[in-house]
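S.K.: Next come a sequence and a model predicted from it.
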Amino acid sequence: MPHPETGRRITVGVDTHADTHVAVALDQLGARLDELPIPTTQAGYDQLEHWATSLGPVDAFGVEGTGSYGAELARVLRRRGYRVIEVNRPDRATRHRRGKSDPIDAEMAARAVLSGVAAGTPKHADGDAEMVRMLKMAKDSAVKTRTQALNQIKAILVTAPAQLRESLAGLSVGKLLDRCAAFEPGELTTPIAVAQHTLRLLARRNLDLRAEVKALQADIARLATHAAPTLLDVFGVGPDGAAQILVTAGDNPQRLRSEAAFAALCGSNPIPASSGKTNRHRLNRGGDRQANATLHRIAVV
């Protein structure tokens, strides 16, 4: 394709949102060339590619939010052979100095790539790890809701009429749920009837969620075994732990150059905390805290 200036190389920064993305192109010297808003559709992605390549050969796309609004754009560009760089949002100093707008954020993304400040490869999110992530998200929310339902059952029993409370006293969780799920309160005209009706609803919700969690757990274990069979062979690593490690590493773990890089991603590496005559390190408090907790459980086991 002919280009307006021979030898010019293009870096594109993209500020991503739910319905629209805004792109800004820079040349290899950092001169601002043009900007383009696009819809978050296949036609919009085609328009972005055509616009960028019309300005010159594209070195890289710097995309904000590659794990959220920019995930599909990053996938499309990568599949078409472009280098995609993950870019964090501009820091507060830049925003205080230059203001806040979509074109400004897109330009800052391009400059971060051009200067080398942003150099991280985003997760591909198109394989087993992405499938595990979605199932794990559903399972985690089901576990949370299941626990809330059980806590609400116990809270109702604290203030329930003595006759109802005493009939359920001393039961294990399983028997308590079965007993509550079998209630037939009849018309809701008395406090006991309403309490039984509420307990039945919460118990059936809890039981349904238990079945859902069990099914999701089986699916997660199957995908984790397929994606990383040797990981599950490590003592102390179960399906849940393997799933979390897979989600953290992503579908392209080769982007993590060393064990130290993975430790930094999980927030389990020492980082410098020196000042003046003090020379020391402290534990990283950032990173993926779910992965950090998983590593802790594996180490304890």
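M.R.: All right, it came through fine.
S.K.: which residues in the chain form helices?
M.R.: Per DSSP state H, the chain carries helices over the ranges 42-55, 71-79, 92-98, 102-115, 128-159, 162-167, 173-181, 191-227, 229-232, 239-249, 259-265, 289-300.
S.K.: How far does stretch 11-26 sit from its chain's centre?
M.R.: Centre-to-centre, stretch 11-26 and its host chain are 21 Å apart (C-alpha atoms, centre = their mean, to the nearest Å).
S.K.: List the buried residues in that stretch.
M.R.: 11, 12, 13, 14, 15, 16, 21, 22, 23, 24, 25, 26 (16 or more other C-beta atoms under 10 Å). Using the backbone N, CA and C atoms, a C-beta is placed for each residue, glycine as well.
S.K.: next one: stretch 134-150
M.R.: Using 16+ other C-beta under 10 Å as the burial criterion, the residues of stretch 134-150 that qualify are 135, 136, 139, 142, 143, 145, 146, 149, 150.
S.K.: Which one of these is nearest to residue 186?
M.R.: residue 149 (22.6 Å; C-beta to C-beta).
S.K.: Give me the below-cutoff pLDDT ranges for the stretch 51-200 of the chain.
M.R.: 90-96, 98-99 (pLDDT under 70).
S.K.: if we go to 80?
M.R.: Filtered on pLDDT under 80, the stretch 51-200 of the chain yields the residue ranges 89-100.
S.K.: What does the pLDDT read for residue 265?
M.R.: Residue 265 carries a pLDDT score of 89 in this model.
S.K.: which residue sits closest to it in space, ignoring its chain neighbours?
M.R.: Nearest residue to residue 265 in three dimensions, chain neighbours excluded: residue 287, at 5.7 Å (C-beta to C-beta, 6 or more residues apart in numbering).
S.K.: picking up where we left off before, now tabulate the buried residues of stretch 134-150 in CSV and tack on distance to residue 165.
M.R.: Output for these, formatted as CSV (distance: C-beta to C-beta, whole Å):
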residue, distance to residue 165
135, 39
136, 37
139, 33
142, 28
143, 27
145, 25
146, 23
149, 18
150, 16
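S.K.: on that earlier part again, quick one: which of the buried residues of stretch 11-26 is nearest residue 179?
M.R.: residue 16 (51.1 Å).
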